[in-house]
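Student: Here is a sequence with its predicted model. Questions after.
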Amino acid sequence: MSYPTDYRYTKDHEWIQVEGNRARVGITKHAQEELGDIVFVELPSVGDGVQAGANVATVESVKAVGDVVSPLNGTVAEVNDSLESAPETINQSPHKDGWIVVIEISDNSQLDGLMDAAGYEAFIAAG
Amino acid sequence: MRYIPNTMQDQQEMLASIGVSDLEALFRDIPQEIRARFRPIGLEPQSEMEVAETVRSMADRNEAAARVSFLGGGIYDHYVPSIVTHLLSRSEFYTAYTPYQPEISQGTLTAMFEFQTLVCELTGMEIANASMYDGSTALAEAVLMAVRLRKQSRIAVAASLFTQVTRVLETYCWAADIEIVELPYDERGYTILEDLPADISAVALQTPNAFGIVEPLSGIKERIGDALLIVSANPLSLALLEPPASFGADIVVAEGQPLGLSMGFGGPLLGLFATRKAYMRQMPGRMAGRTIDAEANVGYTMAAQTREQHIRRERATSNICTNAALCALAATIYMASAGAQGLRHVAALNLARAHHLADRLTALDGFDLAFGGGFFNEFVLRIPGRAEAVHSALEGAGFLVETPSALRAYGLEDCLRFAVTEKRTQEEMDRVEEIVGGVR
Amino acid sequence: MRTLFDCRCSEYGGGLYPRDDNAMQAVDACVDANLLRKRPLRIPHLSEPQIARHYTELSKRNYGVDDGFYPLGSCTMKYNPKLNEDTARLPGFAGLHPHAPATMSQGALQVLCDLSEYLKGITGMPGVSLQPVAGAHGELTGMFLLKKHFERAGQPLRKRILLPDSAHGTNPASAAVAGFSVTQIPSNNAGMVDLDGLRAELDETVAGIMLTVPNTLGIFEERILEVTQLVHDAGALCYFDGANLNAFLGKARPGDMGADIFHFNLHKTLSTPHGGGGPGAGPIAVSEILMPYLPIPRVVQEGDRYDLVWEAADSIGSMHAFYGNFLVAVKALTYLLQLGDEGLREVGENAVLNANYLQAALKDAYTLPYNGLCKHEFVLSGKDLAEGVSTLDVAKRLIDYGIHPPTIYFPLIVREAIMIEPTETEGKETLDRFIDAMQSIAREAATSPELLHEAPRNAPVRRLDQTRAAKEPILTHPFSEET
């Protein structure tokens, strides 16, 4: 599994798929590997405001807790409720079915600071 | 030194392996300035034989331990079966660490699982942790949990909690900027729930309370809106009484000392903590969970560790690390030894003896029960004009009874509190009646 | 593994308590029927032989210090002297009610006073409270003292606690419970506090720093005096986590290093048993300026009389129902009385000797991220073992060698960390056996890694499914449906 080239990436190991004025966010393959088997996901509520750099969701494995940091300012438009009964979806399909939230973007310029796929792969290789 | 196996030769060989000349060289990383300030504590080493004698003589200077006791207030003089003490002395239990390596800690983990189950049985609640330090910190942690869940930094607390529990709660709430509103009690000893303040995260009650009165819990949950109902209960009383869960309690805590622990001058004790399954992620403390291994053998392991400090750090549900594991084991073995019927039996003995003594004493002129509500194994007598004299007479005759000043904190004058456990005999109670009757 | 609830019940015939046929009648007469339990407790009754067998069997599926080597870094799993167990069981202690009059509890109050004096001596600090009942509880008490101090000093903005990235999880957790926010400061390449990083954070919003000395890498902060000076100059205070006191017992004192608060773990340094997770005790020592805030009640001595003092205007209040874990204090006092100054010094010397000996012997087979003199513990990394072999595998394989694994994956700043603390109560023979086992495992990692991956084989259960335990928590015995 390689990193989709049409996604953007953050240093906190989130991926962002831009869909018009919305951003679908999840955690990367690298992140779910580090965490191990995911057992619980704490989701925000639809309508919650989010700020770039602030915690928007939490992903728990047996031995660790991973913060999902919002890469953008905006409002939560959708949450992936299926993760409540099947958190392991994040391990199985981190870049697709394991999406976590969709954010309605309020400041498009924030997208500019994000890495592309090649940049992210170099970032994790550097360790 | 007896506890150090290394010989001087071993030390020399090891120093050579490391590549240093002497032991002092191993401390060269500590700045000389600090080494120079060091002072010994001024204690000569003593042999085991001498220390045994020294410490024994300290134990012998606690005459209260040998007296017949009617002291209560949260800690009680109960009988501890011999089997509990013997099994607890197995070094595989008491010299073991926290079970972070479950494959070699199935003993500790299985016992934790049993303990959790027993606590749920007593309290009626869905889940319980593997213990907290004591009943007072368990209540404080319950309040912190309620505030995390409901987000109001105000709670309502019955004025009839034990003084030591209130003190600890006040300290924790001061530190967390939580306002405590005190709820008064009526002439029966029951908490008055009229005029509950608005915007509270929890209402906390104790049953039996500091006056020994069993608080009727029916209807309370329905009256407190969104607030959580926290009940602190005497665990032995729960062998006889309908558990708090049936009345909608959200968190139940208890001081577990009555379940097979010695009094030990107040420590170590045992905090019980139980709550609803829905609140599992907010519950402090460690828990054992059941699972299987690769060969489908049933085993136990620490569950939901991501709530705890070693993973969540500053976002943990609590900072608690050690709990009261060995005390929880003692309580587990005790409850297993007694079984449901034995617990019912001993609880009934407590209640019966307390009521017998109360009946005999209130038959005397000038002695009345201070409160009208029902009680378990503890009661308060009002003795106008003579409480001090009665106390002195009983103490003079070799008994232990709490002083009238202990109840002054509740605004009660001329009162004495008596706790009567299964250990109090007919002869002892007759003697108490005799002495008390002779006080003018 | 069977639980109590899987055993076959026997009939209850009384026997623990005196018969009293009137007792249940009294219950019915005195208690409102609405308040009585409707459904019986599902607690099985077992005969005493069954109880003895069940818990004896459970004990055999455990591993204690008496069973073998227990090199858990940061835990100080030293031998638990048996005299301590006997003194704590003396009826004059065990049978003493905490509300008993002070005049009739003089022996117990003397235990508390004497132990306090020795703890002051060990730390070189003037104030002590024995009330905290665990290390984390001592930390919390310390944080409450800081809060009170800055409230009194009219400096409410001091709401931040600094701690190194190598800190134990209870440190930030305790700070957070007390309402402080936490700022991490980095460690330098030598594993010590980065002074520039520290300077950058010190301002008038900092209440204090929480340090473990030596740190969780087992390395002594050589510039500790500069660190504490910088913090004091910024108007803040220094909390020392005393979990690693075994490293310099009898050689140095935290009060001489600039500590304002220091907590002991009696169940680590002072040999009281861990009990499978408690009870321990976490007394604190404090510097002069914090003494007014110590918890109540306080134990005081006047001549040969001891008493409890409840009035103290600036005290934070009480952290525990009574006087702390008194019976644990008895054990610690018993230990100190045997050791004396000479014994304390031998503890520090042998603890550090044993750790350095192991470090020298194992640094080639494993990776040693910080290669210098260690104190009582040191940290290896398993990151350079054969491909696909983790520290977890090494730990599980050690179980097959009959040795309890060291602490793993802590501190967080070392990848694949293995933290080893032998303590002074192990001899060279045991240490050599451990070295052989660890070297053998390192070889197995390269030649037959499946031995590690499938470990442990010699344990009552194999690797347990932690994911399942976390996803579908079963926290109580699943009783079958009631009839």
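Tutor: Here it is on my side, so go on.
Student: just the residues of chain C that are near chain A, which are they?
Tutor: Residues of chain C lying close to chain A (C-beta under 8 Å from any C-beta of the partner chain) are C:Tyr409, C:Gln466, C:Thr467, C:Ala469, C:Ala470, C:Lys471. Backbone N, C-alpha and C define where each C-beta goes, glycine included.
Student: Closest to chain B out of these?
Tutor: For the residues of chain C next to chain A, the residue nearest chain B by C-beta to the nearest C-beta is C:Ala469; the value is 3.9 Å.
Student: Let me know the helix or strand that the residue nearest to that closest one when sequence neighbours are not counted is in.
Tutor: Excluding its sequence neighbours, the residue lying closest to C:Ala469 (C-beta to C-beta, 6 or more residues apart in numbering or on different chains) is B:Thr291, at 3.9 Å. Element membership of B:Thr291 [criterion: DSSP states H and E] is strand B:288-292.
Student: need the contact list for the closest residue to C:Leu245 other than its chain neighbours.
Tutor: Distance criterion C-beta to C-beta, 6+ apart; nearest residue to C:Leu245, sequence neighbours excluded, is C:Thr269 at 4.4 Å. Each residue near C:Thr269 by C-beta atoms under 8 Å, 6 or more residues apart in numbering or on different chains is listed here: C:Thr76, C:Gly242, C:Leu245, C:Asn246, C:Leu249.
Student: Give me the neighbour count for C:His453.
Tutor: A count of nearby residues for C:His453, using other C-beta atoms under 10 Å in any protein chain shown, gives 16.
Student: near chain C, which residues of chain A?
Tutor: Contact residues, chain A versus chain C (C-beta under 8 Å from any C-beta): A:Gly36, A:Asp37, A:Val39, A:Phe40, A:Glu60, A:Ser61, A:Val62, A:Lys63, A:Pro87.
Student: In the residues you listed, which has the lowest confidence score?
Tutor: pLDDT across the residues of chain A next to chain C is lowest for A:Lys63, at 78.
Student: Touching, that one and B:Glu308? I think so.
Tutor: No. A:Lys63 is beyond contact range of B:Glu308, at 11.2 Å (criterion: C-beta atoms under 8 Å).
Student: who has more neighbours, these two?
Tutor: Between A:Lys63 and B:Glu308, B:Glu308 has the larger neighbour count (other C-beta under 10 Å), namely 23 against 16.
Student: For the spatially closest residue to that one that is not a sequence neighbour, give its distance to C:Tyr335.
Tutor: Excluding the flanking residues, the one nearest B:Glu308 by C-beta to C-beta, 6+ apart is B:Ala316, at 5.7 Å. Distance, B:Ala316 to C:Tyr335, by C-beta to C-beta, to the nearest Å: 31 Å.
Student: where does chain C have low pLDDT?
Tutor: Chain C contains residues with pLDDT under 70 at C:481-483.
Student: Walk me through the domains of it.
Tutor: Taking automatic domain parsing as the domain assignment, the ranges for chain C are C:4-60, C:83-339, C:342-468.
Student: so of those, which one's packed in deepest?
Tutor: Mean neighbour count (mean count of other C-beta atoms under 10 Å in any protein chain shown) peaks for domain C:83-339 among those, with a mean of 22.
Student: for chain B, what are the nearby residues on chain A?
Tutor: A:Phe40, A:Glu60, A:Ser61, A:Val62, A:Lys63, A:Ala64, A:Val65.
Student: Just these: which are in strands?
Tutor: Among the residues of chain A next to chain B, the residues falling in strands (DSSP state E) are A:Phe40, A:Glu60, A:Ser61, A:Val65.
Student: isn't the last one right next to A:Val59, touching?
Tutor: In this case it means A:Val65. Yes. Applying C-beta under 8 Å, one finds A:Val65 in contact with A:Val59, separated by 7.4 Å.
Student: Specify which residue of these two has the higher count of neighbours.
Tutor: Set side by side, A:Val65 and A:Val59 show more neighbours around A:Val59, with 25 against 19, by other C-beta under 10 Å.
Student: any idea whether whatever residue of the stretch 251-400 of chain C ends up closest to chain A is helix, strand or coil?
Tutor: Going by C-beta to the nearest C-beta, chain A is nearest to C:Leu392 of the stretch 251-400 of chain C, at 9.5 Å. Per DSSP: H, G, I helix; E, B strand; the rest coil, the secondary structure class of C:Leu392 is helix.
Student: give the contact list for it.
Tutor: With C-beta under 8 Å, 6+ apart, C:Leu392 has these contacts: C:Ile408, C:Tyr409.
Student: got the phi/psi numbers for the residue positioned nearest the centre of chain A?
Tutor: Using C-alpha atoms, centre = their mean, the residue of chain A that lies closest to the mean C-alpha position is A:Gly26, 2.4 Å off. In terms of degrees, to the nearest 10, the main-chain angles of A:Gly26 are phi -150, psi -170.
Student: Also B:Ile251?
Tutor: According to degrees, to the nearest 10, B:Ile251 has phi -140, psi 130.
Student: Check the gap between it and chain C for me.
Tutor: Going from B:Ile251 to chain C by C-beta to the nearest C-beta, to the nearest Å gives 15 Å.
Student: Same check on A:Gly47?
Tutor: For A:Gly47, the distance to chain C - C-beta to the nearest C-beta - is 28 Å.
Student: So that residue, which state does it fall into?
Tutor: Under the three-state scheme (three-state DSSP), A:Gly47 adopts coil.
Student: and it, what is it in contact with?
Tutor: Shown in contact with A:Gly47 (C-beta under 8 Å, 6+ apart): A:Thr75, A:Val76.
Student: likewise B:Arg353?
Tutor: With contacts defined as C-beta under 8 Å, 6+ apart, the neighbours of B:Arg353 are B:Asn377, B:Val420, B:Thr421, B:Glu422, B:Arg424, B:Met429.
Student: mean confidence for the longest helix seen in chain B?
Tutor: What stands out as the longest helix in chain B, according to DSSP state H, is helix B:325-362. When pLDDT is averaged over helix B:325-362, the result is 96.
Student: And it, what's buried?
Tutor: By neighbour count on 16 or more other C-beta atoms under 10 Å in any protein chain shown, the buried set for helix B:325-362 is B:325-358, B:360-361.
Student: got the end-to-end distance for stretch C:253-260?
Tutor: End-to-end span of stretch C:253-260 (C-alpha to C-alpha, to the nearest Å): 12 Å.
Student: How about stretch C:170-181 and chain B, touching?
Tutor: Yes. Stretch C:170-181 reaches chain B (C-beta under 8 Å from any C-beta) through C:Thr170, C:Pro172, C:Ala173, C:Ser174, C:Ala175, C:Ala176, C:Val177, C:Ala178, C:Gly179, C:Ser181.
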